[in-house]
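*Asks:* quick one, structure for this:
(chains A and B)
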Amino acid sequence: DGGITQSPKYLFRKEGQNVTLSCEQNLNHDAMYWYRQDPGQGLRLIYYSQIVNDFQKGDIAEGYSVSREKKESFPLTVTSAQKNPTAFYLCASSMRRQSENTEAFFGQGTRLTVV
Amino acid sequence: GQSLEQPSEVTAVEGAIVQINCTYQTSGFYGLSWYQQHDGGAPTFLSYNALDGLEETGRFSSFLSRSDSYGYLLLQELQMKDSASYFCASTDSWGKLQFGAGTQVVVTP
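*Replies:* Numbers count the residues shown, from 1 in each chain, chains lettered A, B, ... in the order given. Next comes the predicted model:
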């Protein structure tokens, strides 16, 4: 089955600690994205990547870092510099070329809570 | 900056038609897509418009006017299961996929 997998589903972190959220896809998609969603809010773009070893900041990149060493994987690290990290994090992937249908497929999300 | 504007909430009865409007300001705009998200779930793709005009997919249709920087999602023959949040999202020339704040659709019996 092709799809996009995020883990863990729930994550608890102590203040001051870094934590890494996993995102893996086997859809052979070039593009991958990370979004943050707060209760009752829309999806805000954190980082995105169009190709291996390259990524771009989104609208709220401060306090976050990513890597794209493999096509299939796009992990997100929430650092201690992120002042309000408690949120629902969604990873997505899509085909790269804009001339095609750019349907994005989402993982089931990770709920991060700072305790 | 880049932004997408859509109404926060729409309420309608079963069987009705609902139109969700979306206006956007996106540098290098390439296309507009729509997603549905039920509470606690992941967004799922509904439709995509790169060219002006109407795209129909079953009970859902989407429209785009590039000259007006405007699009809409039309939900016909509303069902209770259509109660969800609906997001418009723009794609730019560099592949950035950016979402609006979402419209909560409430379907009543």
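*Asks:* need the nearest residue in space to B:L74, chain neighbours excluded.
*Replies:* In this structure, B:L74 finds its nearest non-sequential neighbour in B:S61, 4.4 Å apart by CB to CB, 6 or more residues apart in numbering or on different chains. The way it works is simple: take the backbone N, C-alpha and C, and place the C-beta from them, glycine included.
*Asks:* residue numbers of chain A in contact with chain B?
*Replies:* A:31, A:33, A:35, A:41-45, A:48, A:50, A:56, A:58-59, A:90, A:92, A:94, A:96, A:98-99, A:101-109 (CB under 8 Å from any CB of the partner chain).
*Asks:* the residue nearest to B:L74: which element?
*Replies:* For B:S61, the host element (DSSP states H and E) is strand B:60-65.
*Asks:* burial count for the closest residue to B:V13 other than its chain neighbours?
*Replies:* Counting by CB to CB, 6+ apart, B:V13 lies nearest to B:T108, which is 5.3 Å off, once chain neighbours are set aside. Neighbourhood size, B:T108 [other CB atoms under 10 Å in any protein chain shown]: 11.
*Asks:* B:T108 contacts B:G15, correct?
*Replies:* No: judged on CB atoms under 8 Å, B:T108 makes no contact with B:G15 at a distance of 10.7 Å.
*Asks:* low-confidence ranges in chain A?
*Replies:* A:1, A:97-101 (pLDDT under 70).
*Asks:* give me the residue at the spatial middle of it.
*Replies:* Geometric centre of chain A, nearest residue: A:W34, 2.7 Å, by CA atoms, centre = their mean.
*Asks:* that one and chain B: what is the separation?
*Replies:* 11 Å (CB to the nearest CB, to the nearest Å).
*Asks:* that older thread, avg pLDDT for the strand holding B:S61?
*Replies:* The average pLDDT within strand B:60-65 is 97.
*Asks:* tell me what that strand is packed against?
*Replies:* Counting contacts by 3 or more CB pairs under 8 Å, 6 or more residues apart in numbering or on different chains; DSSP states H and E, strand B:60-65 packs against strand B:29-37, strand B:44-49, strand B:53-57, strand B:70-75.
*Asks:* give me the contact list for that strand.
*Replies:* B:31-32, B:34, B:46-55, B:70-76 (CB atoms under 8 Å, 6 or more residues apart in numbering or on different chains).
*Asks:* and it, C-alpha only, in CSV?
*Replies:* The C-alpha atoms that make up strand B:60-65 are tabulated as CSV, following Å, rounded to 0.1, in the frame of the first residue of the first chain:
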residue,chain,number,x,y,z
PHE,B,60,-18.6,18.8,-5.6
SER,B,61,-17.5,21.4,-8.2
SER,B,62,-14.8,24.0,-8.1
PHE,B,63,-14.4,27.2,-10.1
LEU,B,64,-11.4,29.5,-10.8
SER,B,65,-11.1,33.0,-12.2
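*Asks:* partner strands of that strand, with direction?
*Replies:* Using DSSP bridges, strand B:60-65 pairs in its sheet with strand B:53-57 (antiparallel), strand B:70-75 (antiparallel).
*Asks:* leaving out chain neighbours, which residue sits closest to residue 5?
*Replies:* Using chain A here. Nearest to A:T5 is A:E24, by CB to CB, 6+ apart, at 5.0 Å.
*Asks:* please go with chain B instead
*Replies:* B:T23 is the one closest to B:E5 (CB to CB, 6+ apart), at 4.9 Å.
*Asks:* elements contacting the host helix or strand of the one you found?
*Replies:* Per DSSP H and E: B:T23 is located in strand B:18-25. Helices and strands touching strand B:18-25, by 3+ CB pairs under 8 Å, 6+ apart, are strand B:3-5, strand B:9-13, strand B:70-75, strand B:84-92, strand B:103-108.
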